[in-house]
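Chemist: please work out how this folds:
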Amino acid sequence: MLQEDKLFNAPIDLNSQNNILDVGTGTGIWAIDVADKYPSAQVIGTDISPIQPSWVPPNCKFEIEDCQLEWTFPENHFDFIYMRTLFGSIADWPALYKEAFKAIKPGGWFENFEFDNTVRSDSPIVAKDPDHVFHKWTSLLFEAAGKTGRGLEIAQDGRMKKHMEEAGFVDIVEKKWSVPVGGWSSDPKLKVIGQYNYLFCDQSLEGFAMYLLIQFMGWQYNEVQVLAAKMRAAMKDNKRLRPYYDVICVMGRKPESKGKEAEP
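Modeler: Prediction:
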């Protein structure tokens with residue numbers, strides 16, 4: 001079950017003085033919300049695009065930084081590092097996790113939240129039709145993204161947990177939720193979430209597909225528009241087709257020094 005009113009899942013107490021990093025902050029909304037909720041914490045949001053607002057809490061700031069390069073932050077500096085929805089943007093996930101590991105204090109936590117971009121449906125209409133637009137959409141975007149060198153698979157097959165283990169994190173926890181597209185769920189909360197998710201998907205179809213399919217798959221503009229129209233129609237039929245995405249959250253702790261870690 002999705003949890004209520006939580007900005008993160010990691011079991012960390014942020015009521016005291018903490019240094020927090022939001023990697024790939026985007027509009028900065030998460031960093032701002034955390035800074036508002038924990039006024040004693042110092043929150044930094046990084047991104048390659050300066051699209052964040054200038055009116056922010058006094059304990060929040062934004063910096064331009066490419067997280068795929070060597071990080072400029074001191075080692076053992078942050079109590080908590082948070083990343084979300086960087087799928088399709090990262091060429092070397094293991095290297096990124098290792099940079100996070102270096103930047104976190106011993107005992108600090110790292111959390112990553114990503115979409116599995118596979119459009120899923122339990123409806124026989126979809127399951128029994130290998131040519132259904134949901135399958136075609138997923139296959140095409142994964143293939144095109146693979147050609148960029150920055151694929152969409154990070155949330156699949158336990159990759160996030162595996163990379164986190166390889167980086168050195170311990171006490172790793174993986175959580176998964178299925179998020180509906182549309183208001184078809186009988187659960188009141190998921191119904192509302194699904195409606196918001198439908199709006200996001202409906203307005204994002206061309207944005208996801210246009211560049212990838214034209215630049216890397218050789219499609220024409222009108223072909224992408226036709227595919228997007230078919231996808232939009234199928235998602236609109238959500239009460240019958242019941243589409244959803246899986247979202248994965250993985251969190252882990254940087255070990256304390258060997259002496260402290262061994263204490264009961």
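Chemist: which residues in the stretch 151-264 of the chain form helices?
Modeler: For the stretch 151-264 of the chain, the helices defined by DSSP state H, counting those that start in this stretch occupy 159-167, 188-217, 221-236, 238-241, 258-261.
Chemist: tell me the most buried of those helices?
Modeler: helix 159-167 (a mean of 19; mean count of other CB atoms under 10 Å). C-betas here are computed from N, CA, C, even on glycine.
Chemist: CSV for the helices of the stretch 151-264 of the chain, including distance to Gly88 and mean pLDDT?
Modeler: Supplementary listing: those in CSV, determined by distance: least, CB to CB, whole Å; pLDDT from 0 to 100:
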stretch, distance to Gly88, mean pLDDT
helix 159-167, 14, 98
helix 188-217, 9, 96
helix 221-236, 17, 97
helix 238-241, 24, 97
helix 258-261, 36, 55
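Chemist: which of those sits closest to Gly26?
Modeler: Nearest to Gly26, of all those, is helix 188-217, at 13.3 Å by CB to CB.
Chemist: now the helices of the stretch 151-264 of the chain in JSON lines, with distance to Ser121?
Modeler: Output for the helices of the stretch 151-264 of the chain, formatted as JSON lines (distance: least, CB to CB, whole Å):
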{"stretch": "helix 159-167", "distance to Ser121": "23"}
{"stretch": "helix 188-217", "distance to Ser121": "13"}
{"stretch": "helix 221-236", "distance to Ser121": "9"}
{"stretch": "helix 238-241", "distance to Ser121": "5"}
{"stretch": "helix 258-261", "distance to Ser121": "45"}
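Chemist: how many residues are close by Ala68?
Modeler: Let me fix one detail, which is that residue 68 is Gln and not Ala. Neighbours of Gln68 under the rule other CB atoms under 10 Å: 17.
Chemist: again, but for the one 4 residues further on
Modeler: The number of residues packed around Thr72, counting by other CB under 10 Å, is 9.
Chemist: now Ile51
Modeler: Neighbours of Ile51 under the rule other CB under 10 Å: 11.
Chemist: which residues in this structure form strands?
Modeler: Using DSSP state E, the strands of the chain run over 19-23, 42-47, 60-64, 78-84, 104-121, 170-180, 243-253.
Chemist: run the chain-centre distance for the longest one.
Modeler: On the basis of CA atoms, centre = their mean, to the nearest Å, strand 104-121 sits 6 Å off its chain's mean C-alpha point.
Chemist: next, the angle helix 159-167 makes with that strand.
Modeler: Between strand 104-121 and helix 159-167, the angle comes out at 160 degrees (axes from the mean of the first three to the mean of the last three CA atoms, to 10 degrees).
Chemist: for strand 104-121, buried residues please.
Modeler: Across strand 104-121, burial judged by 16 or more other CB atoms under 10 Å covers 104-105, 108-121.
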